[in-house]
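Novice: coords please:
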Amino acid sequence: MTEKARRLGRGLDFLLPAQSPSTPTSGQQQIELDRITSNPWQPRSTFDPASMNSLADSIRQHGVIQPITVRPQGAAFQLVAGERRLIAARSAGLSTIPAIIRELTDDEMLLVALIENVQRQDLNPIERARALKRLVEQHARSQEDVAALAGIARSTVSNSMRLLELDDESIAALSDGRITEGHARALLAEPDVEKRRRLLHDIFDNKMNVRQVEKEITISRKTRRPASDSPSADSKRLGKLLSEHLKTRTDIVERGQSGRIVIRYGTLKEFERLYQALTGTRPPDE
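Specialist: Take a look at the predicted model:
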């Protein structure tokens, strides 16, 4: 079964208790916006302004088509799912919004909020990974259970959670869209945090695509040889002299009497400097 066909998994109805007899037969009612408070367990931390403006415009024209879900909280209500619709409805100037009322415990509230958000396509990769991690850790559920609830493959759950193993700078770049999830997965293949940091800045400076990042990591791996393949003393000496002359790191990969010299650069400007140092001339203009 493809992941697209698995969307929604068991659905929110599986997670929510049955409606009480007092709930209207329509399953929803209009509730004043000023009686609804936000969900403290909301996994989303960012909302795209353009998308929110578009949703608010749509609500002004057509109203809120899909009701939000709330739970009673004294004389007021607390949001369970539908924060984007709630925010957009307020922005559109509505005074009420259609809502389904459910009696939920705090644990059920968190579970529903997490699942509802994991199933959304517009959740950023780090928000989704953190939501999945909370499902696994706070609800003592296996990755298989979480995959079934969210309607995604188990490998998707594990691969998503692995993104949280990135360093803070890479996580921030993925969260705000400066790198893609493909870039992030490629960076995970580089165990050296310092090399990963340099690669991250190479992506920024040189607009590297995912395949280029993967190729760079493959080259880096090949230069990390066992002690038996390490350069000879003479090669090390010459490599050190070359590094000092070029003022950049060079790696010597030696196999018998032959080998390879890998010269590193961080930016295009540095590449141009190395070109001039090696050839004695400036790079030709296009």
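Novice: where does the chain have low pLDDT?
Specialist: 1-27, 42-45, 114, 116-122, 139-140, 223-230, 256, 286 (pLDDT under 70).
Novice: in it, which residue is most central in space?
Specialist: With distances taken as C-alpha atoms, centre = their mean, the chain has residue 125 as the residue nearest its mean C-alpha position (2.1 Å).
Novice: that one contacts residue 161, correct?
Specialist: No: under the criterion of C-beta atoms under 8 Å, residue 125 makes no contact with residue 161, lying 10.7 Å away. All C-beta spots, glycine's among them, are computed from the backbone N, C-alpha and C.
Novice: which residue is the nearest non-sequential neighbour of the residue nearest to the centre of the chain?
Specialist: Using C-beta to C-beta, 6 or more residues apart in numbering and skipping the chain neighbours, the partner closest in space to residue 125 is residue 181 (4.7 Å).
Novice: got it, and residue 73?
Specialist: Excluding its sequence neighbours, the residue lying closest to residue 73 (C-beta to C-beta, 6+ apart) is residue 37, at 6.8 Å.
Novice: quick check: phi and psi on residue 232?
Specialist: In this entry, residue 232 is assigned phi and psi values of phi -70, psi 170 (degrees, to the nearest 10).
Novice: what packs against the helix or strand where residue 196 lies?
Specialist: In this structure, residue 196 is located in helix 193-206 according to DSSP states H and E. With contacts defined as 3 or more C-beta pairs under 8 Å, 6 or more residues apart in numbering; DSSP states H and E, helix 193-206 has these neighbours: helix 168-175, helix 181-188, helix 210-223.
Novice: pick the most buried one from those.
Specialist: Across the helices and strands packed on helix 193-206, the average number of neighbours (mean count of other C-beta atoms under 10 Å) peaks for helix 181-188, which reaches a mean of 20.
Novice: and that one, what does it pack onto?
Specialist: Contact here means 3+ C-beta pairs under 8 Å, 6+ apart; on that basis helix 181-188 packs against helix 154-162, helix 168-175, helix 193-206, helix 210-223.
Novice: circling back: what sits against the residue nearest to residue 73?
Specialist: 73, 76-79 (C-beta atoms under 8 Å, 6 or more residues apart in numbering).
Novice: just to revisit the earlier point, test my guess that the residue nearest to residue 125 contacts residue 126.
Specialist: No: contact between residue 181 and residue 126 fails when scored by C-beta under 8 Å: they sit 9.4 Å apart.
Novice: give me the common contacts of the two.
Specialist: Between them, residue 181 and residue 126 share these contacting residues under C-beta under 8 Å, 6+ apart: 163, 174.
Novice: and the gap between residue 109 and residue 70?
Specialist: Separation of residue 109 from residue 70 (C-beta to C-beta, to the nearest Å) stands at 10 Å.
Novice: what is the neighbour count of residue 59?
Specialist: 20 (other C-beta atoms under 10 Å).
Novice: likewise for the one 3 residues further on?
Specialist: Other residues lying near residue 62 total 8 when counted by other C-beta under 10 Å.
Novice: in this structure, which spans are helices?
Specialist: Assigned by DSSP state H, the helices in the chain fall at 3-6, 12-15, 49-62, 83-91, 106-118, 125-138, 143-150, 154-162, 168-175, 181-188, 193-206, 210-223, 233-246, 268-279.
Novice: mind putting those in CSV, distance to residue 261 included?
Specialist: Listed next are these as CSV, based on distance: least, C-beta to C-beta, whole Å:
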stretch, distance to residue 261
helix 3-6, 44
helix 12-15, 59
helix 49-62, 48
helix 83-91, 54
helix 106-118, 48
helix 125-138, 37
helix 143-150, 44
helix 154-162, 34
helix 168-175, 29
helix 181-188, 25
helix 193-206, 18
helix 210-223, 10
helix 233-246, 7
helix 268-279, 11
